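Q: Got a sequence here, can you build the structure:
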Amino acid sequence: MAPDTAARLRFHLATDLERTGDFSKTLNSARELRTIYDPYTTVTDAAGVVTRQPFAGNIIPNNRIDPTAKVMMGDIWKPNNPGLDFTGVNNFQTGYGNRFKY
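A: So this is what the prediction gives:
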């Protein structure tokens, strides 16, 4: 029989602001704003280059968020810590006992 071990789960979950479509404080690893683009503004030029426009203020308008997605966001865990760095990565962590019997 193997001994008891501790297991750890780490996830990156949407913050309260992100759950409402507000990504104005969401940073990438270069400490820059993680730009959220409007998919309805996608344009492909003659050379095949694709461009999109970012949402104003990096905020998705409330009327553009699917009602089912809003309900689902209410069922997903919320972060339980600020994250491991300025990006907020791994802002949900939990541990649990893991017992293996062979």
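Q: hey, where'd the strands end up in the protein?
A: Counting by DSSP state E, one finds strands in the chain at the ranges 5-11, 37-44, 50-54, 92-98.
Q: closest to Ile60 out of those strands?
A: Judged by Cβ to Cβ, the one of these that comes nearest to Ile60 is strand 37-44, at 8.2 Å. C-beta here means a position set from N, CA and C on the backbone, and glycine is covered the same way.
Q: Can you list the strands that the closest one pairs with?
A: In the sheet containing strand 37-44, its partner strands are strand 50-54 (antiparallel), by DSSP bridges.
Q: neighbouring contacts of the strand it pairs with?
A: Here strand 50-54 makes contact (Cβ atoms under 8 Å, 6 or more residues apart in numbering) with 35-39, 41-45.
Q: What is the nearest of those to Asn80?
A: Among the contacts of strand 50-54, Ile36 lies closest to Asn80 (Cβ to Cβ), at 24.2 Å.
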